[in-house]
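Chemist: coords please:
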Amino acid sequence: MGFMDALRGIKRPEPGTSAIPKSQLTKKILGLGGEKIPFKITESDKTDLVVELKVVDAEWYEIFAKAGLEKTYQILLLLDETKSEVRALEKIGEVSWKKGIPTISFSKSSFQGRTIAHKEFGTSYAFKEPKPSSFGKVYEYSFDVNDVKGPLIDTITSSGWSYIPVTTMRKVRKR
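Modeler: Next comes the predicted model:
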């Protein structure tokens, strides 16, 4: 691997590794995920595959309000069989909301591009759904993008394909 590949985050297969057909690689990628890291992989109309992990999906009650938080991590994949390359666009999104008397608030943040490293964790205690009178742990999470990307990149490169991070949607969109 050259310096520029390393700088761009490109992962190439070991020299001499033969590329398997796109259909076989698609099946191998669709078979990833599981109980340890519960991400799901689906086929898409806009790109070939979408890897998605719901990091947090919680609702709770506060003293005079109902609130929620959702965090997701996605990798959009486009498999280019002519070059034996998988182009990957990462997305991280967060939505939080609160509604009650007398206020309503909503916030949304997102990131799109290439992550080098991203780790986070959190815990929250509040009144829980469906009984607002029950107080306890609403969510606890620990998230590291490499828990999702690691097995994905290993599967791609061991299949003779290159993993190419990209920073715009147009580079992973089906034509």
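Chemist: now the terminal residues of stretch 5-16, how far apart.
Modeler: Taking CA to CA, to the nearest Å as the measure, stretch 5-16 stretches 18 Å from start to finish.
Chemist: centre of the chain to it, how far?
Modeler: If you compare the mean C-alpha spot of stretch 5-16 with that of the full chain, they lie 21 Å apart, counting by CA atoms, centre = their mean, to the nearest Å.
Chemist: what residues of that stretch count as buried?
Modeler: If you call a residue buried by 16 or more other CB atoms under 10 Å, then stretch 5-16 has these buried ones: 9, 11-13. Using the backbone N, CA and C atoms, a C-beta is placed for each residue, glycine as well.
Chemist: over to stretch 152-170?
Modeler: Neighbour counts over stretch 152-170 (16+ other CB under 10 Å) mark 152-153, 155-157, 159-166 as buried.
Chemist: what of stretch 135-150?
Modeler: For stretch 135-150, the buried set under the neighbour-count rule, 16+ other CB under 10 Å, comprises 138-139, 141, 143, 145, 148-149.
Chemist: helices along this structure, start to end?
Modeler: 3-8, 22-30, 145-158 (DSSP state H).
Chemist: who does the second one touch, helix- and strand-wise?
Modeler: When contacts are defined as 3 or more CB pairs under 8 Å, 6 or more residues apart in numbering; DSSP states H and E, helix 22-30 packs onto strand 40-43, strand 49-62, strand 65-80, helix 145-158.
Chemist: next: the longest one.
Modeler: Judged by 3+ CB pairs under 8 Å, 6+ apart, the packing partners of helix 145-158 are helix 22-30, strand 49-62, strand 65-80, strand 85-100, strand 162-165.
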